[in-house]
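A.B. asks: I'd like to go over a predicted model; first the sequence, then the structure.
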Amino acid sequence: MNLRRISNRCACLVVFLASMGLVHADLTGVAGPVSSLGVAPAIIAAPSDALNQCVTASGQLGFDEAQGVITPAAFGADDAGVIPAGTLVDSHMILLNLGVAGGATHTGVVWTFKRPIIAVMSDSGGTLEAASTPTLGAPATNYVLPATGACVPFPPVGAAPFAARGLETTGAAFPFAHTACPAGDCYTVAGATILVHMGVSQPGDWIRVVTVGAFNVAIDPKPGSDPNCFNPDGKGVVPVAILGSASFDATMIAPFSMSFGGLTVATKGNGDAQCHTEDSNGDGFTDMVCQFTDDGTFTGGPTADLTGMLTDGKLFEGSAPVCLVPAD
């Protein structure tokens with residue numbers, strides 16, 4: 001069967017999604033050969049509907065789901081894995097879903113994430129995915145009927161659970177043992193990467209990959225100035241405010257864990273961090289303002305990234321526009 005007959009509507013959907021920007025995306029890269037239908041794997045933005053009849057392609061697709069979520073309860077995963085309650089995670093979906101009768105294979109695809117993989121949900125019935133979707137699904141994506149967008153009707157209709165939603169080689173019941181590659185439908189995890197082989201007919205294969213998460217926070221370089229301009233000439237310090245919010249307690253930051261464009265927090269004569277707390281933007285939440293040593297190694301522009309850790313070990317990250325004087 002010639003799957004190149006996939007409708008123009010579906011093809012346009014995938015092209016449109018792939019063209020959208022991925023802000024703070026933790027699915028950072030994909031590499032591998034084309035599928036048996038000649039289509040390369042691709043990272044897309046989260047679709048409007050994650051229903052079987054709504055996201056179709058002739059090669060593997062991946063998208064970020066919920067990011068920086070603290071699990072409210074424990075969730076099961078493949079190989080009797082458990083994601084404990086209170087874990088800060090990011091979620092992602094990988095799929096190969098044709099939308100027409102017939103079959104295809106796409107093997108040797110390696111997906112790379114910003115942080116290590118801690119669990120995969122690929123059971124053949126999609127029960128693990130379904131149980132975790134209210135927490136781990138993409139916030140603006142619909143996972144239940146009816147569909148919100150224009151979708152090509154073909155069975156089975158809807159999202160997990162249904163027969164063959166996940167990988168046919170992964171057990172449908174506890175302990176949900178998966179098959180490591182290379183062998184048919186399979187995957188192998190190595191740190192922050194996952195190697196995926198998929199062979200599908202209709203329906204396709206959908207698997208959820210859960211990685212170590214990070215809070216996405218707002219930062220304000222050179223607080224009080226607009227634009228945020230400074231000269232990274234290897235002299236002095238660069239102040240940055242890490243903004244607190246209803247969901248982020250900036251007073252819990254471990255100052256020396258932070259990096260701003262590769263710069264580290266400056267140290268006082270007594271060894272303490274050059275940081276203080278204040279409500280720098282007047283929103284009623286306490287912020288942390290730190291001085292970062294300009295040692296000539298700054299990397300950034302037109303945006304700069306900041307990463308760090310809270311005292312309880314949870315990670316956070318943020319970015320903001322900057323202008324460099326003189327301009328680079």
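C.D. replies: Yep, that arrived. Because the structure is predicted, anything quoted here is derived from the model rather than measured. Numbering: from 1, shown residues only.

A.B. asks: correct me, but L96 touches H197?
C.D. replies: No: with contact defined as CB atoms under 8 Å, L96 and H197 do not form a contacting pair (9.9 Å). Yep, even glycine has a C-beta here, placed from its N, CA and C like the rest.

A.B. asks: list the residues that contact both of those two?
C.D. replies: With CB atoms under 8 Å, 6 or more residues apart in numbering applied, the overlap between the contact sets of L96 and H197 consists of H106.

A.B. asks: more neighbours: those two, which one.
C.D. replies: Neighbour tally, L96 and H197, criterion other CB atoms under 10 Å: the higher count belongs to L96, 27 against 24.

A.B. asks: ok, which stretches of the stretch 151-300 of the chain are helices?
C.D. replies: Along the stretch 151-300 of the chain, no segments are classed as helices by DSSP state H, counting those that start in this stretch.

A.B. asks: show me the shaky parts of it.
C.D. replies: Flagging of the stretch 151-300 of the chain using pLDDT under 70 yields an empty set of residue ranges.

A.B. asks: quick one: the strands in it?
C.D. replies: In chain order, the stretch 151-300 of the chain shows strands spanning 186-190, 193-200, 205-212, 214-216, 219-221, 229-230, 237-242, 259-260, 263-264, 275-278, 287-293, with DSSP state E, counting those that start in this stretch as the criterion.

A.B. asks: nearest to V55, out of those?
C.D. replies: strand 205-212 (8.8 Å; CB to CB).

A.B. asks: report the angle between that closest one and strand 186-190.
C.D. replies: Our comparison of strand 205-212 with strand 186-190, counting by axes from the mean of the first three to the mean of the last three CA atoms, to 10 degrees, yields an angle of 10 degrees.

A.B. asks: partner strands of strand 205-212, with direction?
C.D. replies: strand 88-96 (antiparallel), strand 117-121 (antiparallel) (DSSP bridges).

A.B. asks: put the alpha carbons of that strand into PDB.
C.D. replies: Listed in PDB are the C-alpha atoms of strand 205-212, where the atom choice follows Å, rounded to 0.1, in the frame of the first residue of the first chain:
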ATOM      1  CA  ASP A 205       2.500   3.600  18.100                       C
ATOM      2  CA  TRP A 206       2.600   6.200  20.900                       C
ATOM      3  CA  ILE A 207       5.100   6.200  23.800                       C
ATOM      4  CA  ARG A 208       5.500   8.800  26.600                       C
ATOM      5  CA  VAL A 209       9.100   9.600  27.700                       C
ATOM      6  CA  VAL A 210       9.500  11.300  31.100                       C
ATOM      7  CA  THR A 211      12.700  13.200  31.900                       C
ATOM      8  CA  VAL A 212      14.100  15.000  34.900                       C
END
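
A.B. asks: roughly how far out does that strand sit from the chain middle?
C.D. replies: In terms of CA atoms, centre = their mean, to the nearest Å, the centre of strand 205-212 is found 10 Å from the chain centre.
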